[in-house]
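> the following block contains a protein sequence and its predicted model.
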Amino acid sequence: MKPTHIEHIGIAVSDLESSIRFYEEVLGLECYAIEEVKDQKVKTAFFKLGETKIELLESTDPEGPVGKFIEKRGQGIHHIAFAFEQVDKALEEAAEKGVRVIDQVPRKGAEELMIGFLHPKSTFGVLTEFCGK
Ligand code: CMX
């Protein structure tokens, strides 16, 4: 199973509003959606650049994944998401190949996509997301 493209790059930020201004005013991109994903304890902002998106992530809870990430490592690239036609199969295949899969079964993420993560300790330090419809 091969990804079709990089769906998005997730960037952890402390303040969504000022980081949105950077992408809009300096890069000239348009923030087309702001969405809270309660399950993931984040508020997200999206920008499109070709087929790939930039997802800004502001934590809504210091104990959530992004809150903990910023506390420990500061702001910066949080994850890379690959698009698959069959995200469930892609996660299954990764697990079969011995990768530590955080979500055995895809769950609902932002933009109505089904998502699942691979643990950064088994992906050379990069939190890796698989996503699809
Ligand atoms: N990238 C790289 N390394 C990361 C990381 C990240 N985003 N987040 C944590 N780590 C590292 C920690 O620094 C730590 O490393 P050291 O032990 O070397 O210090 C290690 O991973 C910690 O791993 P852990 O003890 O298993 O647990 P954590 O409680 O810190 O959780 C993780 C880490 C990745 C399992 C958890 O954040 C997770 O399940 N993430 C998936 C969900 C998520 O990130 N959601 C937010 C985005 C949602 C969206 O896109 O909508």
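Thanks, I have it. Numbering: from 1, shown residues only.

> every contact and neighbour count from this point should use C-alpha atoms.
Fine.

> who is the closest residue in space to Ile9 that isn't next to it in sequence paired with across the strands?
Using Cα to Cα, 6 or more residues apart in numbering and skipping residues adjacent in sequence, the residue nearest Ile9 is Ile80, 4.7 Å away. Per DSSP bridges, residues listed as beta-bridge partners of Ile80: Ile9, Thr128.

> and Ile80, what is it in contact with?
If you count contacts by Cα atoms under 8 Å, 6 or more residues apart in numbering, Ile80 has them with 6, 8-10, 126-129.

> what of His79?
Shown in contact with His79 (Cα under 8 Å, 6+ apart): 9-11, 126-129.

> what bridges to Glu58?
Beta-bridge partners of Glu58, as defined by DSSP bridges: Val13, Lys43.

> didn't it look like it was pressed against Glu17?
No. Using Cα atoms under 8 Å, Glu58 makes no contact with Glu17, being 9.5 Å away.

> more neighbours: which of these two?
Between Glu58 and Glu17, counting by other Cα atoms under 10 Å, Glu58 is the more crowded of the two (24 against 11).

> and the more buried one, how far from the ligand?
9 Å (Cα to the nearest ligand atom, to the nearest Å).

> just Ile115 next, same as before
Distance from Ile115 to the ligand, by Cα to the nearest ligand atom: 8 Å.

> burial count for that residue?
Around Ile115 there are 24 other residues, counting by other Cα under 10 Å.

> ok but Glu63 is inside a strand, no?
No. Glu63 is assigned coil when assessed by DSSP: H, G, I helix; E, B strand; the rest coil, not a strand.

> what lies in contact with the helix or strand bottoming out on mean pLDDT in the chain?
For the chain, using mean pLDDT, DSSP states H and E, the weakest element among its helices and strands is strand 107-108, scoring a mean of 92. Residues outside strand 107-108 that contact it (Cα under 8 Å, 6+ apart): 114-116.

> make it 6 Å
The contact list for strand 107-108, computed with Cα atoms under 6 Å, 6 or more residues apart in numbering, reads 114-115.

> note down every partner strand of it and its orientation.
strand 114-118 (antiparallel).

> near the ligand, which residues of the chain show up?
Residues of the chain lying close to the ligand (Cα under 6 Å from any ligand atom) are 40, 65-66, 69, 78-79, 109-110, 117, 119-120, 125-127.
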